[in-house]
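1. Curious how this folds, go ahead:
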Amino acid sequence: MESMSRTTSIARAAAAALVAAAVFVGSAATSVAQPDYPVMPTDNVTGPFPVTKVSDGDTIWVDNNGAREKVRLIGMDTPELHDPRKPVECFAQQAFERAAAVLNGQSVYLERDPFQDAVDRYGRTLAYVWTGTGRLFNLDMIYDGFAHEYTYELPYKYQDRFRAAEVDARTNGRGLWAPAACAA
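-> Numbers count the residues shown, from 1 in each chain. As a prediction, this is how the structure comes out:
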């Protein structure tokens, strides 16, 4: 019986890995097709800053003229990867891997939101992250199903777009919204 249980566990783990890989690979091209995609503004934007570390799906480190700066992305939240109080959440590793694949070794632009604080209570800079190719990383992560829209107290500049992106990801079963992505 133990052999059968182990075989079933291995089969389930293999199936979960295949689903995660398919979701990851399949979503790589989805962010390109978003209608009415925003253009990087010229105001409230600084950079480019080299990304020195990706902590998880919604937090990165950049080199700001020789100073390491921790950046928390506005308007999105990914499953927790490094919370010592609880286990790693479903799809946290995939969100981290996507962020790392897109941002590691790249330079990004940081856009401040005049409706949000500059720094959160943990000392992290709050910003939207624009890639060197003009993609709004926060929006792409939500649209591709690696994050969900997150509002902390006050509305923010891209809130309507981020909410619409989450609805689209949920409706189309992308990323963490895929039926088998977080099946127990």
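
2. which residue sits closest to G123, ignoring its sequence neighbours?
-> The shortest distance from G123 to any residue other than its chain neighbours is 7.1 Å, reached at K70 (CB to CB, 6 or more residues apart in numbering). No exception for glycine: its C-beta is placed from N, CA and C like everyone else's.

3. Mind listing the strands the host helix or strand of the one you found pairs with, and their directions?
-> Under the criterion of DSSP states H and E, K70 resides in strand 67-73. Based on DSSP bridges, the strands next to strand 67-73 in the sheet, each with its direction, are strand 59-64 (antiparallel), strand 125-131 (parallel).

4. Point out the most buried one among those.
-> Mean neighbour count (mean count of other CB atoms under 10 Å) peaks for strand 125-131 among the strands paired with strand 67-73, with a mean of 24.

5. any idea of the mean pLDDT in that strand?
-> Mean pLDDT, strand 125-131: 98.

6. now do stretch 175-184
-> Taken as a whole, stretch 175-184 has an average pLDDT of 85.

7. cool, stretch 148-165 as well?
-> Confidence for stretch 148-165, expressed as mean pLDDT, is 95.

8. so where's the longest strand in this structure?
-> With residue count as the measure and DSSP state E as the assignment, the chain has strand 45-56 as its longest strand.

9. number of nearby residues for the nearest residue to R161 once chain neighbours are set aside?
-> Spatial nearest neighbour of R161, excluding adjacent residues (CB to CB, 6+ apart): L139 at 6.1 Å. Here the number of neighbours of L139 (other CB atoms under 10 Å) works out to 25.

10. phi, psi of L139?
-> When quoted as degrees, to the nearest 10, the phi and psi of L139 stand at phi -60, psi -40.

11. I'd like to know how far it sits from D83.
-> Computed with CB to CB, to the nearest Å, the distance linking L139 and D83 is 25 Å.

12. again with R161
-> Counting by CB to CB, the gap between R161 and D83 amounts to 28 Å.

13. okay, those two: which has more neighbours?
-> Using other CB under 10 Å, the more surrounded residue of R161 and D83 is R161, with 20 against 12.

14. now for the helix or strand encompassing the more buried one, which elements pack on it?
-> For R161, the host element (DSSP H and E) is helix 159-171. Helix 159-171 sits against helix 137-143, strand 148-149, with contacts defined as 3 or more CB pairs under 8 Å, 6 or more residues apart in numbering; DSSP states H and E.

15. Just say which of the ones you listed is most tucked in.
-> Across these, the average number of neighbours (mean count of other CB under 10 Å) peaks for helix 137-143, which reaches a mean of 27.
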